[in-house]
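Undergrad: structure here, sequence nowhere to be found:
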Ligand code: NAD
């Protein structure tokens, strides 16, 4: 019998719809070539949902996400100026993204920072630093830490405005993300970089204590401790030393964007957000209002998120590999999108649609 998967498609804001439409073409093609059916259902999410439904995470979307086999999410958000038109509590991150992560319990965020040798010329780093390419799996805790702790703001008795935001974890939250990271290390090179700030933050002290306990179950994994500020430098100077990295929520938000920087663009950054029962897949980047609607966005991050979904939610590992191969073959044969290079010197620039067209041709031949 044909296997059918229901996918909630939340195209989002800015470049979201234009890169989502290209990613869905990949699913269409796989349907034609394999005995599988993807029942893709659109739902409003983010700023566009606020303007059409009065809420950035409407009930109809919550219900669809609850029943879907997986969720494919485009980036959300507006420019700083446009955001001011939405009440603070309904702004996309606060009103939609963080509530979705909490609701679905997607505590483990996999952010591959990957640049195969044939695409190494896109990195702004020197050739000798990039070597044969970069292949890091950054694992970010996604539903705790500074972004989910208590928040307070007000005025002191003296009338001075203040804010208080807390970085909160209990040992169970820390343990569950570390187990994910150790398991991932076991599948890869068995080297785990633990990124923390225990010289200042007591949250990192507890994190490291729990790590010592979890590590006992993984004697084959070598753990390397690194302070988060030093990790930022090492990512630029010697990225090939890393294999799996694990860290607190905000540390991961910031370092993964730096990961996009060392590859050459955030447009190369897909991600998977995994919970015990649900998973959603999204580019690591935002809605890129500066290029929205111009057919300039690089859809690699969104198509890559589909590849992660095929592999991690549907067990279609070989199809996922083929999708990566198809995208990389286009970039390796003298083409680029405008985020990755200015063109010239044997490199031809492609629009969003042109890049996706070439990927489809390559995929058709490979599947
Ligand atoms: P951004 O990630 O949207 O853009 C940063 C830079 O990267 C821009 O120059 C942009 O053009 C470029 N870029 C990003 N993705 C690209 C792609 N696929 N192809 C080509 N270039 C790409 O960050 P920002 O401008 O700081 O934020 C814009 C909005 O996105 C804000 O409202 C922010 O809150 C939101 N945001 C949402 C998410 C999410 O949905 N998970 C994540 C980060 C930021």
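TA: Perfect, thanks for sending it. Because the structure is predicted, anything quoted here is derived from the model rather than measured.

Undergrad: secondary structure class for whichever residue of the stretch 151-300 of the chain sits closest to the ligand?
TA: Nearest residue of the stretch 151-300 of the chain to the ligand (C-beta to the nearest ligand atom) works out as residue 286 at 2.3 Å. For the C-beta atoms, the positions are set from N, CA and C on the backbone; glycine is no exception. Per DSSP: H, G, I helix; E, B strand; the rest coil, the local secondary structure of residue 286 is coil.

Undergrad: in space, not sequence, find me the middle residue of the chain.
TA: residue 271 (2.8 Å; C-alpha atoms, centre = their mean).

Undergrad: from residue 336, how far off is that residue?
TA: 22 Å (C-beta to C-beta, to the nearest Å).

Undergrad: residue 144 too?
TA: Noted for residue 144: a distance of 38 Å to residue 336, by C-beta to C-beta.

Undergrad: re earlier: surely the residue nearest to the centre of the chain and residue 114 touch.
TA: No - using C-beta atoms under 8 Å, residue 271 makes no contact with residue 114, being 11.6 Å away.

Undergrad: so residue 8 sits in a strand?
TA: Yes - using three-state DSSP, the assignment for residue 8 is a strand.

Undergrad: measure the closest residue to it other than its chain neighbours to the ligand for me?
TA: Sequence neighbours aside, residue 68 is the residue nearest to residue 8 in space, at 3.9 Å (criterion: C-beta to C-beta, 6 or more residues apart in numbering). To the ligand, residue 68 is 18 Å away according to C-beta to the nearest ligand atom, to the nearest Å.

Undergrad: next up, the contacts around residue 68.
TA: 6-8, 41 (C-beta atoms under 8 Å, 6 or more residues apart in numbering).

Undergrad: out of those, which is nearest to residue 314?
TA: Residue 314 lies nearest to residue 7 out of these, by C-beta to C-beta, at 9.5 Å.

Undergrad: just so I have it, where are all the helices in the stretch 51-200 of the chain?
TA: Counting by DSSP state H, counting those that start in this stretch, the stretch 51-200 of the chain has helices at residues 59-67, 80-83, 98-104, 127-130, 171-187.

Undergrad: which bits of this structure sit near the ligand?
TA: 15, 75-78, 93, 97, 265-267, 282, 285-291, 297-298, 301, 339 (C-beta under 6 Å from any ligand atom).

Undergrad: what sits up against the lowest-mean-pLDDT helix or strand in the chain?
TA: The helix or strand of the chain with the poorest confidence is helix 80-83; it has a mean of 92 (mean pLDDT, DSSP states H and E). Applying C-beta under 8 Å, 6+ apart, the contact partners of helix 80-83 are 47, 77, 91-92, 289.

Undergrad: many thanks, I have nothing further to ask.
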